[in-house]
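S.K.: Provided below are the primary sequence and the corresponding predicted coordinates.
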Amino acid sequence: MNSTPHDLAARFTELFGGEPDGLWSAPGRVNLIGEHTDYNDGFVLPFAITHSTVVAAAARADRTVRVASTFAPEEAPLTVGLDDLEPGGVEGWAAYPLGVLWALEQSGYRCPGLDLLVDSSVPVGAGLSSSAALECSVALAAAELSGADVSRSDLAAIGQLAENRMVGAPTGIMDQSASLLGEAGHAVFLDCRSGSSRLVPLDLEADGLELLVIDTRVSHTHSTGGYAERRRSCELGAELMGVAALRDLSVKDLAEAAGVLDEETFRRVRHIVTENARVEDTVDVLTKKGPSALGPLLVASHASMRDDFEISCPELDTAVNAALDAGAVGARMTGGGFGGSAIALTRSADAPAVRAAVEGAFSAAGFHPPVVFSVLPGAGAARIA
Ligand code: ADP
Ligand code: MG
């Protein structure tokens with residue numbers, strides 16, 4: 001849990017001796033819509049949330065890194081040399097922060113030795129990208145302490161490189177972009193091909209809405225799960241359709257794809273193609289009508305992930321159905337799938353009933369109780385002390 005900046009700085013001093021040079025914060029994210037489209041060069045529409053990871057950091061005169069997290073309070077800091085970092089060389093959670101330092105140097109910047117203490121309020125493994133929050137807080141701290149002027153989009157790429165190579169998770173650029181580019185009251189419309197992004201108004205409070213995150217507590221694993229398999233299906237689909245990426249197909253190309261692809265690959269492709277269209281439609285709806293008109297797009301997105309991409313699970317389907325039955329405006333699973341969280345957009349007045357209905361449905365189905373909480377679009381990564 002996020003301690004106060006003062007407590008975190010005190011803990012840092014206890015652990016490492018000196019005082020931190022500063023504290024850097026980076027948020028988790030919720031993806032409003034656009035699932036598995038990022039690595040297909042497509043569109044995503046995440047927003048930064050008010051839950052964040054904070055790193056207290058101090059530069060050192062040597063090439064040593066010491067890293068600790070309140071996530072594993074019983075453990076002493078891990079000590080490594082910057083020159084000893086290599087893909088596959090770091091086990092466990094430290095692969096994320098150390099991977100970022102490695103990736104910074106791979107990208108041509110010289111990283112100083114560092115003492116790092118991490119603290120987070122982003123639930124881990126709930127589909128809210130605690131991993132990107134961790135990467136981006138460390139990337140921002142290390143870049144600033146290195147004295148180099150690294151752009152936010154380069155920092156996002158550095159976080160992604162760390163996760164792909166040091167952690168070994170073949171994830172796209174969405175999570176880091178949301179964490180670094182988000183703003184309160186806005187979502188980030190990101191074109192994953194060009195890397196360009198634009199803020200889209202998402203002022204839920206002004207419309208009397210809130211967004212519930214329903215953490216199913218079913219754990220997902222990117223490196224070993226179906227994520228890599230879905231990615232391969234998409235690559236195969238693009239190759240067989242003769243395009244560089246599925247981004248290059250539109251809904252009207254699906255009739256042709258049905259004749260070219262095997263049945264399963266076709267459904268995978270159809271999800272990506274229709275999901276890209278739904279992201280563009282969502283931006284349009286948000287701009288012209290506001291978030292209360294998003295229900296049908298969220299519901300269609302969930303059906304596509306459940307039936308075509310097959311990345312839902314009974315807990316996620318139960319959460320979505322119960323929320324909709326209890327009057328939610330819209331609901332869908334979010335994140336990579338196979339567990340993690342669903343989101344339910346509800347009128348604030350209906351939120352208690354939606355929450356109770358989801359909890360009741362989980363209990364009736366014999367599932368572990370979900371953790372339900374409300375999120376708001378929050379600020380992007382920044383130095384906070
Ligand atoms: P998600 O990003 O959806 O939360 P991931 O599996 O991608 O899930 O990333 C979770 C992993 O990130 C954790 O298992 C841990 O290794 C690392 N992590 C996240 N937050 C922290 C933290 N505060 N301290 C240490 N490691 C963390
Ligand atoms: Mg993650």
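M.R.: It's in. Numbers count the residues shown, from 1 in each chain. Ligands and ions are numbered 1, 2, ... in the order given.
S.K.: any idea how far the residue of the stretch 51-200 of the chain found nearest ligand 2 lies from ligand 1?
M.R.: The stretch 51-200 of the chain approaches ligand 2 most closely through residue 131 (3.3 Å), counting by CB to the ion. Using the backbone N, CA and C atoms, a C-beta is placed for each residue, glycine as well. According to CB to the nearest ligand atom, to the nearest Å, residue 131 stands 3 Å off from ligand 1.
S.K.: sec struct for that residue, please.
M.R.: helix (DSSP: H, G, I helix; E, B strand; the rest coil).
S.K.: and for residue 338?
M.R.: Put simply, residue 338 is coil when judged by three-state DSSP.
S.K.: my read is that it contacts residue 228, right?
M.R.: No - counting by CB atoms under 8 Å, residue 338 sits too far from residue 228 to count as a contact (11.7 Å).
S.K.: next one: stretch 351-362 to chain centre, how far?
M.R.: 25 Å (CA atoms, centre = their mean, to the nearest Å).
S.K.: and residue 31, that's in a strand?
M.R.: Yes - Residue 31 sits within a strand when classified using three-state DSSP.
S.K.: so it is in contact with residue 44, correct?
M.R.: Yes - between residue 31 and residue 44 a contact is recorded at 6.3 Å, counting by CB under 8 Å.
S.K.: tell me the bridge partners for residue 331.
M.R.: Taking DSSP bridges, one obtains residue 344 as the residues bridged to residue 331.
S.K.: how about the contacts made by it?
M.R.: Counting by CB atoms under 8 Å, 6 or more residues apart in numbering, residue 331 makes contact with 298, 299, 302, 319, 320, 323, 324, 342, 343, 344, 345.
S.K.: tell me how far it lies from residue 370.
M.R.: From residue 331 across to residue 370, the span is 13 Å (CB to CB, to the nearest Å).
S.K.: of the contacts of residue 331, keep whichever come out buried.
M.R.: Buried members of the contacts of residue 331, counted by 16 or more other CB atoms under 10 Å: 298, 299, 302, 319, 320, 323, 324, 342, 343, 344, 345.
S.K.: wait, what's in contact with the third one?
M.R.: By that I understand residue 302. Counted by CB under 8 Å, 6+ apart, residue 302 has contacts 312, 320, 331, 332, 333, 342.
S.K.: kindly report the residues of the stretch 101-250 of the chain close to ligand 1.
M.R.: Residues of the stretch 101-250 of the chain lying close to ligand 1 (CB under 6 Å from any ligand atom) are 118, 120, 124, 125, 126, 127, 128, 129, 130, 131, 134, 222.
S.K.: ok, which residues in the protein are in contact with ligand 2?
M.R.: Counting by CB under 5 Å from the ion, the chain comes close to ligand 2 at 129, 131.
S.K.: show me where the chain has helices.
M.R.: For the chain, the helices defined by DSSP state H cover 5-16, 95-106, 130-146, 152-161, 174-181, 226-241, 254-260, 263-288, 295-307, 314-325, 351-365.
S.K.: what's the last one packed up against?
M.R.: When contacts are defined as 3 or more CB pairs under 8 Å, 6 or more residues apart in numbering; DSSP states H and E, helix 351-365 sits against strand 209-215, helix 314-325, strand 341-347, strand 371-375.
S.K.: ranking those by burial, who's on top?
M.R.: Mean neighbour count (mean count of other CB atoms under 10 Å) peaks for strand 341-347 among these, with a mean of 26.
S.K.: now do that one and strand 371-375, the angle between them.
M.R.: Using axes from the mean of the first three to the mean of the last three CA atoms, to 10 degrees, the direction of strand 341-347 lies 50 degrees away from that of strand 371-375.
S.K.: orientation of strand 341-347 relative to helix 295-307 in degrees?
M.R.: Comparing the axes of strand 341-347 and helix 295-307 via the same axes, to 10 degrees yields an angle of 160 degrees.
S.K.: when you compare where strand 341-347 runs with where helix 351-365 runs, what's the angle?
M.R.: Angle of strand 341-347 versus helix 351-365, following the same axes, to 10 degrees, is 140 degrees.
S.K.: how about strand 341-347 and ligand 1, any contact?
M.R.: No - counting by CB under 6 Å from any ligand atom, no contacts exist between strand 341-347 and ligand 1, the nearest distance being 8.5 Å.
S.K.: could the C-alpha coordinates of that strand be exported in PDB?
M.R.: These are the backbone C-alpha positions of strand 341-347, laid out as PDB (Å, rounded to 0.1, in the frame of the first residue of the first chain):
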ATOM      1  CA  SER A 341     -10.400  -7.900 -13.600                       C
ATOM      2  CA  ALA A 342     -13.600  -6.900 -15.200                       C
ATOM      3  CA  ILE A 343     -14.800  -3.300 -15.300                       C
ATOM      4  CA  ALA A 344     -18.400  -2.100 -14.900                       C
ATOM      5  CA  LEU A 345     -19.400   1.400 -15.800                       C
ATOM      6  CA  THR A 346     -22.400   2.300 -13.500                       C
ATOM      7  CA  ARG A 347     -24.300   5.300 -12.400                       C
END
